[in-house]
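A.B. asks: Sequence isn't available, so here's the structure alone:
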């Protein structure tokens, strides 16, 4: 099943069902007004949503309309809890090698994770509005999942059964601000911008054989200003999403609608490129002793996309332009 | 003005106005159904709320009812963003001395802050339900503020004008899990439980001369199992709340209803005691070479209260008992 949210006057938007080929959509209003509502009432909503999805795909859904991703917000426009991991260990290894950092102890035993701002997610084509280009503006191509309620102390296997949706996201990061915050031990606050999401969320079954052991086993294609930047594969994720969820759930119950991120997708094979600029800069540091590729500048554009074997987009594309906020008139 | 929220079937509860002496309350339903609504519509709601507060204090509010803090949830029962600082530097100094840690660089220049779980705050008398007593169960007595919307790049002075409410809170912490998470640089996730709030939120004017430069200048009285544990004073906060807010707002806009915490209240004068167990244990480490005071055990109770010159409670009291979650039947 493919779900998305239409932009409305309300910050939670309006839930819609999108056809498999992303040609048409139908409102889900009679079943669930919002994505958050659907997630909180999955056991009573999912059958009805699925029926509409089938009739939409069969061409028998009378009320369907042409799909236009410009009209959408993030599939879940805001979340009560957004927990972002760093589960591709290759990314950390490169960073440590480039910047002569001590390795993070036990990063292969306990998933790295921080809590980010979920109060207002960006739509797939929203501008990246930054305070200052000197902050080292970077993107991070990631997979994510949105879950049902999961009690404290749940196992990874149970958590896997509660993953309701898979998403594609851009974790916007300010690299000049990250190292100081990491050194405090308190994690990223200033160093992270609002996270952007591809327009369409998929139930795991929609990925077929590409959903394996809590991982999205597909390449994530990233372009910067129209040039291929990387196509790292989701399979190299060291922990599955279910293991990240169980790690967090060890001391807290998880509410329906909580979002978990994989961290930037990163592969050991250099031919796969990378899903964030800082990783390329790390490789340049290692090779040349200095980074060469600049971070994002005014009007730079990042694209992210994931396609099936036939080249069809699965989540719809992320396409974001960088722009500087007008903060000259300081409040 | 004193505001609180009645427990209902809905996770946001129902906004009520509480008389200054906390003897009576009246529903705010006709003005704002929930605290979040009031915060998002402060400019149109606050006058009406204030009028009701006046008539409640004058004894002319016909619809008023006897106040019972048992019927309440947290004043803001959940928040889209909860950012907890560590702004009493004495606490960090003691920790570093006791555990031979390197001092956190520039902690006097940049406020320490991590993002916590705001999806479900605890009421003042809710049990502290923990997964495992071995996690080192601790309380942290803190002041907090709840703000209106604040644009990215706002100054501390502007942020000060957007502080709508002051609260008293217990930041429940799992000390055995904190050091590993701090060392990763990603901050606290497993190491923090749901935060509990005293029943009543105050507009800053309600504190009179005790609200100074973005600080609550009053002692916070903490008891463990009925014994005084500390009464550290809010005045020693190194940064004002407005400075913490401006720090965070440097790279993100702040939504109405965002909650900021002071970190555990801590004073240089040992006679003031402490607002968390780990600080007493740090003092014991320094004095005796080993901690003597155990963390919270099953059925241990923590109380927190702040009173005016006449001994009247300002926020109502926090009183929480520790209990272990039944996770024996693992899911």
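C.D. replies: Everything's here; your move. Keep in mind that this is a model prediction, so the values were computed, not measured.
A.B. asks: Neighbours of the residue in chain A positioned nearest to chain B, how many?
C.D. replies: Nearest residue of chain A to chain B: residue A:187, at 2.3 Å (C-beta to the nearest C-beta). Where C-beta positions appear, they are placed from N, C-alpha and C, glycine not excepted. Residues lying near residue A:187 (other C-beta atoms under 10 Å in any protein chain shown) number 27.
A.B. asks: residue closest to the middle of chain A?
C.D. replies: Closest to where the C-alpha atoms of chain A average out (C-alpha atoms, centre = their mean) is residue A:169, at 2.4 Å.
A.B. asks: is it true that residue A:223 lies in a strand?
C.D. replies: Yes. Residue A:223: assigned to a strand according to DSSP: H, G, I helix; E, B strand; the rest coil.
A.B. asks: what pairs with it across the strands?
C.D. replies: residue A:228, residue A:303 (DSSP bridges).
A.B. asks: what sits against it?
C.D. replies: By C-beta atoms under 8 Å, 6 or more residues apart in numbering or on different chains, residue A:223 lies in contact with A:229, A:302-304.
A.B. asks: Put together CSV for these, with pLDDT on each row.
C.D. replies: CSV is the format used below for these (pLDDT from 0 to 100):
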residue, pLDDT
A:229, 98
A:302, 98
A:303, 98
A:304, 98
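A.B. asks: where exactly do the helices run in the stretch 1-150 of chain A?
C.D. replies: A:35-40, A:42-58, A:89-99 (DSSP state H, counting those that start in this stretch).
A.B. asks: Deepest-packed of these, please.
C.D. replies: Most buried of the helices of the stretch 1-150 of chain A, by mean neighbour count (mean count of other C-beta atoms under 10 Å in any protein chain shown): helix A:35-40, with a mean of 23.
A.B. asks: what does it contact?
C.D. replies: Contacts for helix A:35-40 (C-beta under 8 Å, 6+ apart): A:3, A:5, A:12-13, A:15, A:28, A:31-32, A:45-46, A:49, A:75-77, A:146-149, A:164-165, A:201, A:256-257.
A.B. asks: Buried ones among those?
C.D. replies: Neighbour counting by 16 or more other C-beta atoms under 10 Å in any protein chain shown classes A:3, A:5, A:12-13, A:15, A:28, A:31-32, A:45-46, A:49, A:75-77, A:146-148, A:164-165, A:201, A:256-257 among these as buried.
A.B. asks: Was I right to think residue A:73 contacts residue A:9?
C.D. replies: No. The pair residue A:73 and residue A:9 does not pass the contact test of C-beta atoms under 8 Å, sitting 11.5 Å apart.
A.B. asks: before we move on, back to that, nearest residue to the residue of chain A closest to chain B in space, please, no chain neighbours.
C.D. replies: residue B:187 (2.3 Å; C-beta to C-beta, 6 or more residues apart in numbering or on different chains).
A.B. asks: Does the one you found touch residue A:84 like I think?
C.D. replies: No. The pair residue B:187 / residue A:84 is not scored as a contact, 11.1 Å apart, by C-beta under 8 Å.
A.B. asks: thinking again about what came up before, neighbour count for residue A:73 and residue A:9, which is higher?
C.D. replies: Between residue A:73 and residue A:9, counted using other C-beta under 10 Å, residue A:73 has the larger neighbour count: 26 against 6.
A.B. asks: need the contact list for the more buried one.
C.D. replies: So residue A:73 contacts A:5-7, A:13, A:121, A:123 (C-beta under 8 Å, 6+ apart).
A.B. asks: Looking at these, which two lie furthest apart in space?
C.D. replies: Across the contacts of residue A:73, the two members that end up farthest from each other (C-beta to C-beta) are A:6 and A:121, 14.5 Å apart.
A.B. asks: which of those two has more neighbours?
C.D. replies: When residue A:6 and residue A:121 are compared for neighbours, residue A:121 comes out ahead with 25 against 15, by other C-beta under 10 Å.
A.B. asks: With adjacent residues omitted, what lies nearest to the more buried one?
C.D. replies: Using C-beta to C-beta, 6+ apart, the nearest residue to residue A:121 is residue A:74, at 3.8 Å.
A.B. asks: looking at it, residue A:315 is touching residue A:306, isn't it?
C.D. replies: Yes. Using C-beta under 8 Å, residue A:315 is in contact with residue A:306, at 5.7 Å.
A.B. asks: Name the residues contacting each of these two.
C.D. replies: Contacts common to residue A:315 and residue A:306, judged by C-beta under 8 Å, 6+ apart, are A:168, A:198.
A.B. asks: can you list the weak-confidence ranges in chain A?
C.D. replies: A:327-331 (pLDDT under 70).
A.B. asks: and the contacts of residue A:73, which of them are in strands?
C.D. replies: A:5-6 (DSSP state E).
A.B. asks: unless I'm mixing things up, the residue nearest to the centre of chain A is touching residue A:199, no?
C.D. replies: No. In this structure residue A:169 lies outside contact range of residue A:199 using C-beta under 8 Å: 11.3 Å.
A.B. asks: Angles on the backbone of residue A:273, please.
C.D. replies: Per-residue torsions, residue A:273: phi 70, psi -150 (degrees, to the nearest 10).
A.B. asks: What sits closest to it if chain neighbours are left out?
C.D. replies: residue A:230 (2.8 Å).
A.B. asks: how is chain A carved up into domains?
C.D. replies: Chain A is divided into the following domains under automatic domain parsing: A:2-71, A:82-330.
A.B. asks: Do a quick rundown of the strands in the stretch 151-300 of chain A.
C.D. replies: Assigned by DSSP state E, counting those that start in this stretch, the strands in the stretch 151-300 of chain A fall at A:163-170, A:173-174, A:196-197, A:201-202, A:211-212, A:215-216, A:221-224, A:227-230, A:259-261.
A.B. asks: The third one packs against which elements?
C.D. replies: It stands for strand A:196-197. strand A:163-170, strand A:318-324 (3 or more C-beta pairs under 8 Å, 6 or more residues apart in numbering or on different chains; DSSP states H and E).
A.B. asks: can you do 6 Å?
C.D. replies: strand A:163-170 (3 or more C-beta pairs under 6 Å, 6 or more residues apart in numbering or on different chains; DSSP states H and E).
A.B. asks: report the angle between the axes of the strand it packs on and helix A:42-58?
C.D. replies: Between the axes of strand A:163-170 and helix A:42-58, defined by axes from the mean of the first three to the mean of the last three C-alpha atoms, to 10 degrees, the angle is 70 degrees.
A.B. asks: roughly how far apart are residue A:306 and residue A:132?
C.D. replies: Residue A:306 sits 31 Å away from residue A:132, taking C-beta to C-beta, to the nearest Å as the criterion.
A.B. asks: quick revisit: turn the helices of the stretch 1-150 of chain A into JSON lines, including distance to residue A:139.
C.D. replies: Conversion of the helices of the stretch 1-150 of chain A to JSON lines gives the following (distance: least, C-beta to C-beta, whole Å):
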{"stretch": "helix A:35-40", "distance to residue A:139": "24"}
{"stretch": "helix A:42-58", "distance to residue A:139": "31"}
{"stretch": "helix A:89-99", "distance to residue A:139": "13"}
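A.B. asks: Go through these and name the closest to residue B:239.
C.D. replies: helix A:89-99 (29.1 Å).
A.B. asks: how deep is residue A:301 tucked in, by neighbour count?
C.D. replies: 15.
A.B. asks: do the same with the one 5 residues further on
C.D. replies: Other residues near residue A:306 come to 26 when the count uses other C-beta under 10 Å.
A.B. asks: what's the answer for residue A:21, then?
C.D. replies: Residue A:21, neighbours per other C-beta under 10 Å, totals 12.
A.B. asks: List phi and psi for residue A:307.
C.D. replies: phi -120, psi 160.
A.B. asks: Touching, residue A:265 and residue A:221? I think so.
C.D. replies: No. Using C-beta atoms under 6 Å, residue A:265 is not in contact with residue A:221, being 10.3 Å away.
A.B. asks: When these two are compared, which one has more neighbours?
C.D. replies: Set residue A:265 next to residue A:221 and count neighbours by other C-beta under 10 Å: residue A:265 wins out with 34 against 20.
A.B. asks: For residue A:219, list each beta-bridge partner.
C.D. replies: Beta-bridge partners, per DSSP bridges, of residue A:219: residue A:233.
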